[in-house]
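K.L.:
Sharing a model that was predicted from the sequence below.
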Amino acid sequence: MSNVLIIGAGSIALRHIAALSKIPEVKIVGVCDIVREKAESLAAQTNAEALTNFKTAIDKLKPDYVILLTPRGFREPVINACVESMTPIFMEKPPCDRISTGERIAEILETSGLIHTVGFMRRWNDALNTVLAQISSQMISTIEISYQCPFATSPVWQSYPAPYLVEQSGGLVGDQGIHYIDICRYITGAEPYELYAAGTNQILPISKNVTTRDTVSWCMIMTNGTVVSHSHTWCAPGWACNIRIVTDRSIVSLDMFGGTATGMINDENFNYQSQTDEFELEHRAFAEAVKTQDMSNVRSPYKDALKSFRIAAEINRLLYGHTTELD
């Protein structure tokens, strides 16, 4: 049994708790948040202890590992405490709020050898990995991504302000788009050597509450020759995300929210429905990594995740002219 401490009791914690509830080998023993009411509410749902100081929580509970779900600008002190106590750490994306901080953290983690991962859960998508196994010997020519979200048509910035503020979350690109920047690196095994980006504010004007574009498109030219095009809008009636992969012998479309893959592979019709939730798969893999003290099955080590963050920051630079993320 692995005892787990959750640090950060925001809304994303519910998604992780739902996945952990399906893993009997993992037990949540503590929830820590600087807002006591949040810690107590989440702790009550999981029969865990509520705490407000992360150092006290780590020292008192001595968890087998920590799940770090704080905002991106509040990671380094917790990571340092985990390294000091050699407590493995699973952290939400993105890995940091600026490159200089990320480079310090990457060096600390690499030097310590601490078991860790960054939560880019799309790398564990069952349908996607099933498709990749089928096309592993094929040349991927294009990846086309279309993402729709109602954050502009039905704004939630009053209750959930961070995604709307580039300086807090990276905005549309840093909060949501980074997942698909990362997954394109994962799919191709390559890095972009050219980036293009443009965006508009179709519904949400720039204001003190909104500093992000609400509709953005970017293109990445990868070192293996794959061309990636991504269109992303908050001016939509609902949620949807589709990835279309075109190779020299196959065309497959993935519904990333529905967990399905459909298309043609090697002249044969292909249909697949995901069997297991990607959050659950990701958490199972990390629990095993902690148990075996083996990082070989960790798909998103910090140093690699930092590459995805850097690309997202570069796209923000193209969109806004400057971003502190590159400091």
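P.N.:
Perfect, thanks for sending it.

K.L.:
give the contact list for residue 306.
P.N.:
Listed by C-beta atoms under 8 Å, 6 or more residues apart in numbering, the contact partners of residue 306 are 95-96, 99, 102-103, 106. Using the backbone N, CA and C atoms, a C-beta is placed for each residue, glycine as well.

K.L.:
can you map out the helices along the stretch 1-150 of the chain?
P.N.:
With DSSP state H, counting those that start in this stretch as the criterion, the stretch 1-150 of the chain has helices at 12-20, 36-46, 54-61, 76-85, 99-112, 126-134.

K.L.:
Could you save these as a markdown table and add columns showing mean pLDDT, distance to residue 142 and mean neighbour count?
P.N.:
Supplementary listing: these in a markdown table, determined by pLDDT from 0 to 100; distance: least, C-beta to C-beta, whole Å; neighbours: other C-beta atoms under 10 Å:
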| stretch | mean pLDDT | distance to residue 142 | mean neighbour count |
| --- | --- | --- | --- |
| helix 12-20 | 96 | 31 | 18 |
| helix 36-46 | 96 | 42 | 17 |
| helix 54-61 | 98 | 44 | 18 |
| helix 76-85 | 98 | 37 | 18 |
| helix 99-112 | 98 | 29 | 16 |
| helix 126-134 | 98 | 15 | 18 |
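
K.L.:
how about those helices in TSV, adding distance to residue 199?
P.N.:
TSV is the format used below for those (distance: least, C-beta to C-beta, whole Å):
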stretch	distance to residue 199
helix 12-20	25
helix 36-46	33
helix 54-61	36
helix 76-85	30
helix 99-112	22
helix 126-134	26
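
K.L.:
Could I get the contacting residues of residue 174?
P.N.:
Applying C-beta under 8 Å, 6+ apart, the residues near residue 174 are 94, 166, 312-313, 316, 325.

K.L.:
ditto for residue 47
P.N.:
Contacts for residue 47 were tallied using C-beta under 8 Å, 6+ apart; they are residue 28.

K.L.:
Can you give me the buried ones in stretch 305-321?
P.N.:
Buried residues in stretch 305-321, defined by neighbour count with 16 or more other C-beta atoms under 10 Å: 305-316, 318-320.
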